[in-house]
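Visitor: No letters, just coordinates:
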Ligand SMILES: CCC/C=C/C(=O)SCCNC(=O)CCNC(=O)[C@H](O)C(C)(C)COP(=O)([O-])OP(=O)([O-])OC[C@H]1O[C@@H](n2cnc3c(N)ncnc32)[C@H](O)[C@@H]1OP(=O)([O-])[O-]
């Protein structure tokens, strides 16, 4: 599920609630869609902060659901609806943002990480690809070589490394939700930030081509 709360500064706080790591179960995916729609349709709400309960942002797809066919909304349209939001959405990353959890954060317009947070795309260790936007959004954010490193090794990075790579906008040793709310307030009313296009790759003996 996802809990919806109004917080000062004309903001909505959306909290993923699926212990132990707020994985993206069918109820969480539906909860994100419902709460985002509520925030976007309320003219009093100028921005959104997205976080996970118990200071764990999100451990990714819910591996407890892997045994059966996927039900309910898929990850891709769920994340696309966040990216398309006309109000700024800021991810407050505490604990972990792994797999689909990082892909969720990448769909947000800004990312704040707690200094002890760990981020990564470990799908490869499960024989999967980060196919919920990770293979597209991460290279647009940090460039192809750095994104390929994270996607093909599945390694986790610290908040400081994520900052250096450009995955997150700011690192805090305080309450990431507070810092995210501050940022959301400061950019409310502005056009939502978009990711740069993928770089054009030039390969010897081939015409330039664009990845999309
Ligand atoms: C198109 C597809 C795109 C997306 C693909 C994906 O996201 S693929 C997924 C990508 N994500 C990953 O590969 C993340 C894999 N997980 C990890 O790396 C670690 O569990 C951790 C770093 C999240 C926490 O480490 P830690 O040493 O602090 O703790 P711990 O390890 O002891 O686990 C604690 C409890 O959490 C549970 N649980 C954990 N993850 C999930 C989950 N996704 N779901 C459900 N449950 C999960 C775990 O079973 C355990 O439950 P128990 O036994 O208490 O009932």
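Guide: Nice, thanks for sending it over. Bear in mind that the values here come from a model prediction, so they are computed numbers and not experimental data. Residues are numbered from 1 along each chain as shown.
Visitor: ok, residue 56 touching residue 23?
Guide: No - the pair residue 56 / residue 23 is not scored as a contact, 9.7 Å apart, by CB atoms under 8 Å. Just so you know, the C-beta spots here come from the backbone N, C-alpha and C atoms, and that holds for glycine as well.
Visitor: Point out the residues in this protein that sit beside the ligand.
Guide: Within the chain, the positions adjacent to the ligand are 20-21, 23, 59-64, 75, 96, 98-100, 122-123, 126, 128, 130-132 by CB under 6 Å from any ligand atom.
Visitor: Can you pick out the ones from those that are in helices?
Guide: Those of the residues of the chain next to the ligand mapping onto helices are 75, 100, per DSSP state H.
Visitor: now the residues of the chain next to the ligand: which count as buried?
Guide: Burial of those was assessed by neighbour count (16 or more other CB atoms under 10 Å); the buried members are 21, 23, 59-62, 75, 96, 98-100, 122-123, 128, 130, 132.
Visitor: And those residues, which is closest to residue 175?
Guide: Each of these was checked against residue 175 using CB to CB; the closest is residue 96, at 16.9 Å.
Visitor: Report the set of residues contacting both of residue 56 and residue 23.
Guide: With contacts defined as CB atoms under 8 Å, 6 or more residues apart in numbering, no residue is adjacent to both residue 56 and residue 23.
Visitor: could you pull out the helices for this structure?
Guide: Listed in chain order, the helices of the chain (DSSP H) span 26-41, 75-83, 100-107, 134-142, 144-153, 159-165, 176-187.
Visitor: Deepest in the core, which of those is it.
Guide: Ranked by mean neighbour count, the helices of the chain are led by helix 100-107 with a mean of 29 (mean count of other CB atoms under 10 Å).
Visitor: Can you tell me what sits against it?
Guide: If you take CB under 8 Å, 6+ apart as the criterion, helix 100-107 is touched by 21-24, 32, 50, 52, 57-61, 75, 79-80, 82-83, 89, 91, 93, 97, 111, 119-121, 130, 132-134, 137-138, 141, 167.
Visitor: before we move on, back to that, out of the helices of the chain, flag the one nearest residue 200.
Guide: helix 144-153 (10.6 Å).
Visitor: Give me the pLDDT value at the residue nearest the centre of the chain.
Guide: In the chain, the centroid-proximal residue (CA atoms, centre = their mean) is residue 105; its distance is 1.0 Å. Note on residue 105: pLDDT of 98.
Visitor: Spatially nearest residue to it, not counting backbone neighbours?
Guide: Leaving aside its sequence neighbours, residue 105 sits nearest to residue 91 (CB to CB, 6 or more residues apart in numbering; 4.1 Å).
Visitor: same deal with residue 49?
Guide: Excluding its sequence neighbours, the residue lying closest to residue 49 (CB to CB, 6+ apart) is residue 180, at 4.6 Å.
Visitor: Pull the contacting residues for residue 6.
Guide: 12-13, 44-45.
Visitor: can you name the two of the residues you listed that are farthest apart?
Guide: For those, the farthest-apart pair by CB to CB is 13 and 44; their separation is 13.8 Å.
Visitor: Looking at the two now, which is surrounded by more residues?
Guide: Counted by other CB atoms under 10 Å, residue 13 and residue 44 do not tie: residue 13 has more neighbours, with 20 against 9.
Visitor: Show me what that one is bridged to.
Guide: Per DSSP bridges, the residues bridged to residue 13 are residue 5, residue 49.
Visitor: Good, we can wrap up now.
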